[in-house]
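> Please work out how this folds:
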Amino acid sequence: MKSAFAGRTDKGLVRAINQDAYYIDPQGRFFIVADGMGGHAAGQEASRIAKETICAYLEERLVKMETPEVLLKEAFRSANRAIIEDQTVHPENADMGTTAVAALLYQPEDSAPPELWCANLGDSRIYRFRDNHLEQVTEDDTWVAQAVKAGALQAEEARVHPWRHVLSQCLGREDMGEVEIFSLDLQPGDRILLCSDGLTEELSDEQIALELENHRDCETSVVRLVEAAKEEGGRDNITVISIAIAAVDADDSPTP
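Below you'll find the model as predicted:
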């Protein structure tokens with residue numbers, strides 16, 4: 001299955017530095033967004049380590065035909081260990097951590113429909129845009145998301161709750177729990193969006209869907225989404241990756 005893709009990151013209008021990081025595999029096999037946290041530049045370091053470690057792990061092992069679930073799970077565990085090791089070497093960064101989302105395009109050898117395998121830890125997100133409908137496919141690892149799921153908060157209340165940034169999971173912790181990993185079916189015309197919470201803090205799902213509907217080109221859509229978030233305040237770093245799924249040609253080889 002062919003795809004087009006583009007990414008963009010911006011420090012926004014308030015933050016002095018950009019603690020987000022993203023990576024797009026040049027062959028379009030996998031995509032990563034990380035949103036770091038920590039004093040001074042520690043968050044920037046955490047997101048960089050996560051991006052580079054996950055990328056290196058996937059690049060090295062994609063050809064070994066490990067299952068996507070195992071690949072993603074071990075890539076995130078490897079990133080967690082790398083951040084903890086850096087904390088040990090640099091005690092001043094002991095509080096650093098990062099969210100991470102990754103998407104892996106996978107074509108089974110048995111000619112089954114292609115799949116998108118997703119991994120998530122924290123409150124960065126993956127969305128699927130199909131038939132002008134936007135669906136959040138990852139679940140936020142936050143206190144407010146758990147409260148909404150338990151029925152203690154309404155979704156509208158969660159968007160403005162003072163604890164909405166409190167994470168229940170992130171990379172860079174000895175007690176890191178299980179990474180959320182799942183697969184999505186893909187259809188020609190689907191759009192996949194990976195983003196940090198700098199986008200979703202400023203734009204509602206309805207606003208994001210409208211931008212994707214109005215801007216079909218990946219490069220144009222990521223530029224427009226970042227600018228729209230800045231127009232709404234740009235209070236955090238903003239990172240967006242857009243992937244457009246096209247029809248597969250008969251002679252296309254499986255990926256990876």
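
> Do a quick rundown of the strands in this protein.
3-10, 20-24, 30-37, 97-106, 115-121, 125-130, 133-136, 180-185, 191-195, 238-245 (DSSP state E).

> who does the second one touch, helix- and strand-wise?
Using 3 or more Cβ pairs under 8 Å, 6 or more residues apart in numbering; DSSP states H and E as the contact criterion, the neighbours of strand 20-24 among helices and strands are strand 3-10, strand 30-37, helix 42-61, strand 238-245. C-beta here means a position set from N, CA and C on the backbone, and glycine is covered the same way.

> And the strands of the chain: which comes nearest residue 168?
Of all the strands of the chain, it is strand 115-121 that lies closest to residue 168, at 9.9 Å by Cβ to Cβ.

> The closest one pairs with which strands, parallel or anti?
strand 97-106 (antiparallel), strand 180-185 (antiparallel) (DSSP bridges).

> Next, the residues that contact it from outside, please.
Strand 115-121 has contacts (Cβ atoms under 8 Å, 6 or more residues apart in numbering) with 68-69, 72-73, 75-76, 99-108, 126, 137-139, 141, 169-171, 176, 179-186, 192.

> Point out where the stretch 1-150 of the chain drops to low pLDDT.
1, 40, 65, 109-112, 143, 148-149 (pLDDT under 70).

> repeat that for 80
Applying pLDDT under 80 to the stretch 1-150 of the chain flags the ranges 1-2, 39-41, 64-66, 107-113, 143-150.

> To what extent is residue 120 buried, counted in neighbours?
26 (other Cβ atoms under 10 Å).

> picking up where we left off before, as JSON lines, the strands of the chain with distance to residue 53 would be great.
As requested, the strands of the chain are arranged in JSON lines below (distance: least, Cβ to Cβ, whole Å):
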{"stretch": "strand 3-10", "distance to residue 53": "18"}
{"stretch": "strand 20-24", "distance to residue 53": "11"}
{"stretch": "strand 30-37", "distance to residue 53": "10"}
{"stretch": "strand 97-106", "distance to residue 53": "10"}
{"stretch": "strand 115-121", "distance to residue 53": "13"}
{"stretch": "strand 125-130", "distance to residue 53": "19"}
{"stretch": "strand 133-136", "distance to residue 53": "26"}
{"stretch": "strand 180-185", "distance to residue 53": "17"}
{"stretch": "strand 191-195", "distance to residue 53": "17"}
{"stretch": "strand 238-245", "distance to residue 53": "18"}
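
> got the contact list for residue 140?
So residue 140 contacts 122-123, 125 (Cβ under 8 Å, 6+ apart).

> Find the centremost residue of the protein, please.
By Cα atoms, centre = their mean, the chain has its centre lying nearest to residue 101, at 3.2 Å.

> what about that residue, distance to residue 180?
9 Å (Cβ to Cβ, to the nearest Å).

> which neighbours do those two share?
118-121, 138.

> What confidence value was assigned to residue 167?
Per-residue pLDDT puts residue 167 at 89.

> tell me the contacts of it?
Applying Cβ under 8 Å, 6+ apart, we find residue 167 in contact with 97, 99, 122-123, 141-143.

> For the shared contacts of residue 101 and residue 180, which entry has the maximal number of neighbours?
residue 121 (31 neighbours).

> Where is the longest helix in this structure?
With secondary structure taken from DSSP state H, the chain has its longest helix at helix 68-89.

> can I get the helices and strands packed on strand 20-24 in CSV with distance to residue 201 and mean neighbour count?
CSV is the format used below for the helices and strands packed on strand 20-24 (distance: least, Cβ to Cβ, whole Å; neighbours: other Cβ atoms under 10 Å):
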stretch, distance to residue 201, mean neighbour count
strand 3-10, 13, 19
strand 30-37, 11, 28
helix 42-61, 16, 22
strand 238-245, 9, 26
